[in-house]
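K.L.:
only the shape, not the letters, is given here:
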């Protein structure tokens, strides 16, 4: 019984310490002083160590202008921590019209200047904002 109790307390102590490990998070949210959106509950850019996790930028139109608008917003998000599209290692693209996105892919590709990230494109029936037609999120890696 004494061994079982010792193991229980050792495991409980370990789990408590494992759950108390915290990470340093730096946030940026469209120049918002609170650095996050409390109504929807998200942040535009979250920096942990040398990684940037960038929430999706959206547009209502999958047109050259709409795509450019999304990637300009993502560029601003990247710049908030001194990054560029050359720091992007993963791109997730969600659209309600994959064929239109494929047709205008040259607009997207120009932002990467030939240095493309891993990417996933998914057609969905709708996005969080019901009028949105395209949302793109990024993960970027900063030099140490």
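P.N.:
Noted; the coordinates are in hand. Only a predicted model underlies this, so the values are computations on that prediction, with no experimental measurement involved. Residues are numbered from 1 along each chain as shown.
K.L.:
the spatially most central residue of the chain: what's it in contact with?
P.N.:
In the chain, the centroid-proximal residue (CA atoms, centre = their mean) is residue 54; its distance is 2.8 Å. Counting by CB atoms under 8 Å, 6 or more residues apart in numbering, residue 54 touches 44, 45, 74, 77, 78, 137, 138, 139, 140. From N, CA and C alone the C-beta is placed, and that goes for glycine too.
K.L.:
and the closest residue to it other than its chain neighbours, how many neighbours?
P.N.:
In space, and not counting its chain neighbours, residue 54 is closest to residue 138: 4.2 Å by CB to CB, 6 or more residues apart in numbering. Counted with other CB atoms under 10 Å, the neighbours of residue 138 add up to 26.
K.L.:
isn't residue 138 right up against residue 75?
P.N.:
No. Proximity of residue 138 to residue 75 does not meet the contact threshold set by CB atoms under 8 Å, at 10.0 Å.
K.L.:
so where's this protein uncertain?
P.N.:
Along the chain, the parts satisfying pLDDT under 70 run over 1-20, 38.
K.L.:
make it 90
P.N.:
1-21, 26, 28-43, 144 (pLDDT under 90).
K.L.:
check which helix or strand the residue nearest to the centre of the chain maps to.
P.N.:
Secondary structure from DSSP states H and E places residue 54 in strand 51-59.
K.L.:
pull out the buried residues from that strand.
P.N.:
52, 53, 54, 55, 56, 57, 58, 59 (16 or more other CB atoms under 10 Å).
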